[in-house]
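1. Would you be able to build a 3D model of this:
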Amino acid sequence: MRMKDPCERCAKLFCNPEGCRERVEWLGSQKTLSVMHAERIAVRLQLRREHPGLLSEDVEMLRDMVISSLGGCCSICSFGDKRILQVDHVSKNGLDERLLLGDRSKLYYAYMIMKIAEGSKNYQLLCLNHHALKTIEENEKSEIGP
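-> Numbering: from 1, shown residues only. Here you go, the predicted structure:
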C-alpha cells in the first residue's frame, strides 16, 4: 500500500487541497505554518542551549517558577493566591506568544522564564479581577482611538 503524498501547499498528509489552510492570519500579519514551526523550533533550541533541563519540568512547576520570578502576587493589589494569578503581557503580545508556543504549554512557560531571566519587563502578574479590568480598559481605548 502506497502512502498518500503530502499536500503541495502545507505539506500535511491529510489535507483537503481545496480547503487547505496554508496561511494563518495572526494579528493582521500573515505567517506560513512552516515559518511558525521554524520559529517554535528556534525557541526550543535556544531554551535547550541556555536553560538545559527546563523543558523536562512539569507544566505546573514551570508556572510556579514564572509566578515566583514575577513576585508571587498581583502587581496592583498584592493578592497572592497562585490559583487566581495570571501573567499579563505588558506590550500586548500575549496572543502572539500563545499561538507560537502553545497556550499554557511547557514551551510557553519555559520561554517566559528565559525572557524574565534575560531582564524582560514584558510580563507582570495580575489577579483575575485586575487582568479583566485592564483588558476591558485597553479594548475601550482601542475602540475610541488614540
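2. what's the span of stretch 81-100 from first residue to last?
-> 28 Å (Cα to Cα, to the nearest Å).
3. Low-confidence regions, this structure specifically.
-> Counting by pLDDT under 70, the chain shows low-confidence ranges at 1-34, 142-146.
4. what do you get if the cut-off is 90, keeping everything else the same?
-> Across the chain, the ranges flagged by pLDDT under 90 are 1-48, 50-58, 91-105, 135, 137-146.
5. how about the helices in it?
-> 33-50, 59-69, 94-101, 106-117, 128-144 (DSSP state H).
6. Please work out which of those is packed deepest.
-> Ranked by mean neighbour count, the helices of the chain are led by helix 106-117 with a mean of 20 (mean count of other Cβ atoms under 10 Å). Heads up, the C-betas are built off the backbone N, CA and C, glycines and all.
7. Check which helices and strands it sits against.
-> helix 33-50, helix 59-69, helix 94-101, strand 123-127 (3 or more Cβ pairs under 8 Å, 6 or more residues apart in numbering; DSSP states H and E).
8. quick check: angle from the second one to strand 123-127?
-> Spelled out, that is helix 59-69. 100 degrees (axes from the mean of the first three to the mean of the last three Cα atoms, to 10 degrees).
9. still on that earlier bit, including distance to Leu85, could the helices and strands packed on helix 106-117 go into a markdown table?
-> Putting the helices and strands packed on helix 106-117 into a markdown table (distance: least, Cβ to Cβ, whole Å) gives the following:
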| stretch | distance to Leu85 |
| --- | --- |
| helix 33-50 | 23 |
| helix 59-69 | 6 |
| helix 94-101 | 15 |
| strand 123-127 | 5 |
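10. For Leu133, find the nearest of the ones you listed.
-> strand 123-127 (8.7 Å; Cβ to Cβ).
11. Let me know the angle separating that closest one from helix 94-101.
-> In terms of direction (the same axes, to 10 degrees), strand 123-127 departs from helix 94-101 by 110 degrees.
12. Perfect, I'm done here.
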